[in-house]
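J.: The amino acid sequence is not available; the structure is as follows:
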């Protein structure tokens, strides 16, 4: 699912899965990381990563960061993504987070509409530096 869109095709590869296995092990070992999957009849049909970030700002608030939201192509448009995101919001509340945030590539116009429909507000300008 990571490679199943116009951006992922260029930055993901199935040639060597070792880096993905190492990343999974690191996520699994960290109590501030949660890799959620949505299953249907034993098949993975969606996923997201939820990271809990303790911080000093906002009076020492913990925030939740959503990354890697993916829904299998044949399941898009059926509400599964909204279910995953509602789960993430509920989980963030349960963990005492003051806010939940995410970034999405500027070219993902459909995703922007999706997050707006869920109540997310576009409040910041993001920057990245590839290393």
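T.: Sure, I can see it. What you see is a predicted model; the values in this text were computed from it and never measured.
J.: ok, residue 51 - how many residues close by?
T.: If you count neighbours by other CB atoms under 10 Å, residue 51 ends up with 15. For glycine as for every other residue, the C-beta is placed from the backbone atoms N, C-alpha and C.
J.: Same check on residue 32?
T.: For residue 32, using other CB under 10 Å, the count is 14.
J.: Using the three-state scheme, assign the nearest residue to it once chain neighbours are set aside.
T.: Nearest residue to residue 32, sequence neighbours excluded (CB to CB, 6 or more residues apart in numbering): residue 52, at 4.4 Å. Per DSSP: H, G, I helix; E, B strand; the rest coil, the secondary structure class of residue 52 is strand.
J.: Residue 52: what's it in contact with?
T.: By CB atoms under 8 Å, 6 or more residues apart in numbering, the contact set of residue 52 is 32, 33, 34, 62, 63, 64, 65, 92, 95, 97.
J.: Quick one: mean pLDDT over the helix or strand hosting the third one.
T.: Mapping residue 34 onto the secondary structure by DSSP states H and E places it in strand 33-40. Rounded to a whole number, the mean pLDDT of strand 33-40 is 95.
J.: elements contacting it?
T.: Counting contacts by 3 or more CB pairs under 8 Å, 6 or more residues apart in numbering; DSSP states H and E, strand 33-40 packs against helix 18-29, strand 43-54, helix 80-94.
J.: Put together TSV for those, with mean pLDDT and distance to residue 70 on each row.
T.: Below are these laid out as TSV (pLDDT from 0 to 100; distance: least, CB to CB, whole Å):
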stretch	mean pLDDT	distance to residue 70
helix 18-29	93	13
strand 43-54	96	5
helix 80-94	97	9
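J.: now for those, which one comes closest to residue 69?
T.: Proximity of the helices and strands packed on strand 33-40 to residue 69 was assessed by CB to CB; the nearest stretch is strand 43-54, lying at 4.5 Å.
J.: By neighbours, which of the contacts of residue 52 wins?
T.: residue 64 (23 neighbours).
J.: Can you verify it is assigned to a helix?
T.: No: in this structure, residue 64 is strand, not part of a helix, as judged by three-state DSSP.
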